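# can't give you the sequence, but here's the structure:
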């Protein structure tokens with residue numbers, strides 16, 4: 001029988017040891033990559049997001065075993081302020097602190113502005129923007145009490161530039177960048193930083209599904225979809241990886257980034273340099 005070997009990072013790499021990190025929308029994709037990167041650096045992790053309970057349990061147990069940290073899960077609904085409040089309160093009650101908050105939860109819908117479903121607009125603004133307001137306002141008292149806090153908002157290249165047919169998403173991500181700046185200014189003297197990471201296209205299973213769908217819809221090859229459709233605006237013509245986003249999150253969460261606050265950092269292969 002093959003027994004998995006526990007891969008513990010070296011002590012020198014565990015720059016977030018004793019920290020507690022909550023990552024919203026972290027049961028898959030970018031959020032899960034960020035949670036794993038934080039755990040690899042020594043932080044205890046609170047996962048949040050949608051999915052099958054047994055699979056989420058497996059992911060949680062895997063993170064705990066692989067990185068030697070505590071890993072828990074909150075099913076909080078990012079559409080509901082009361083549910084968000086319960087998640088933050090439970091995290092602080094169980095861990096006694098909340099050091100790192102990563103606002104990653106988000107959804108997307110594509111449609112022309114005059115045909116954009118009102119319910120989709122409301123849902124995207126609620127999950128992609130308002131949820132970050134609620135988590136931030138509720139996490140700040142504990143961070144102030146401890147004299148340390150790192151708030152990292154996962155925005156998007158669309159927080160810096162626009163694209164057609166993505167009215168709600170672009171609006172929400174621009175709002176996240178604005179919320180980041182205000183939070184940074186209000187906490188600048190309290191040992192708390194707030195920054196936004198603005199990825200372009202990041203390779204995830206959801207993007208993989210888009211590649212196949214676009215290839216079938218346009219009758220072109222996968223390579224053409226990647227280069228000429230998905231990465232048309234991304235000059236380096238390659239996807240960012242969840243590991244790259246995770247590594248930047250770890251750095252921004254560390255003591256080394258104590259003077260970096262209120263900025264929106266593109267991870268977009270040069271997209272926003274146009």
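Structure's in. What do you need? Computed from a prediction, not measured in an experiment: that's the story for all the values here.
# Let me see the contact set for the residue nearest the centre of the chain.
The residue lying closest to the centre of the chain (Cα atoms, centre = their mean) is residue 104, at 2.8 Å. Contacts for residue 104 (Cβ atoms under 8 Å, 6 or more residues apart in numbering) come out as 23, 24, 25, 26, 30, 31, 34, 154. C-beta here means a position set from N, CA and C on the backbone, and glycine is covered the same way.
# Please flag which of those sit within helices.
Among these, the ones falling in helices (DSSP state H) are 30, 31, 34.
# looking at it, the first one is touching residue 200, isn't it?
No - taking contact to mean Cβ atoms under 8 Å, the distance of 11.9 Å between residue 30 and residue 200 leaves them out of contact.
# Mind checking which of those two has more residues around it?
residue 30 (26 against 23; other Cβ atoms under 10 Å).
# Isn't residue 227 up against residue 238?
No - in this structure, residue 227 is not within contact of residue 238 by Cβ under 8 Å, at 9.5 Å.
# related to what we said a few turns ago, would you mind checking which of the ones in helices among the contacts of residue 104 is nearest to residue 68?
Distance to residue 68 across the ones in helices among the contacts of residue 104 (Cβ to Cβ) is lowest for residue 34, with 18.2 Å.
# Doesn't residue 101 lie inside a helix?
No - assigned with DSSP: H, G, I helix; E, B strand; the rest coil, residue 101 falls outside any helix and is strand.
# ok, how many other residues are close to it?
Residues contacting residue 101 under the criterion other Cβ under 10 Å number 30.
# what about the helices in the stretch 51-200 of the chain?
53-67, 81-95, 118-125, 131-146, 167-186 (DSSP state H, counting those that start in this stretch).
# In JSON lines, list those along with distance to residue 41, mean pLDDT and mean neighbour count.
Converted to JSON lines, these look like this (distance: least, Cβ to Cβ, whole Å; pLDDT from 0 to 100; neighbours: other Cβ atoms under 10 Å):
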{"stretch": "helix 53-67", "distance to residue 41": "9", "mean pLDDT": "98", "mean neighbour count": "15"}
{"stretch": "helix 81-95", "distance to residue 41": "16", "mean pLDDT": "98", "mean neighbour count": "17"}
{"stretch": "helix 118-125", "distance to residue 41": "31", "mean pLDDT": "98", "mean neighbour count": "15"}
{"stretch": "helix 131-146", "distance to residue 41": "18", "mean pLDDT": "98", "mean neighbour count": "20"}
{"stretch": "helix 167-186", "distance to residue 41": "22", "mean pLDDT": "98", "mean neighbour count": "20"}
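# mind checking pLDDT for the residue nearest to residue 257 when sequence neighbours are not counted?
Nearest non-adjacent residue to residue 257, counting by Cβ to Cβ, 6 or more residues apart in numbering: residue 251, 5.6 Å away. For residue 251, the pLDDT comes out at 98.
# wait, doesn't residue 251 sit right on residue 267?
No - counting by Cβ under 8 Å, residue 251 sits too far from residue 267 to count as a contact (11.8 Å).
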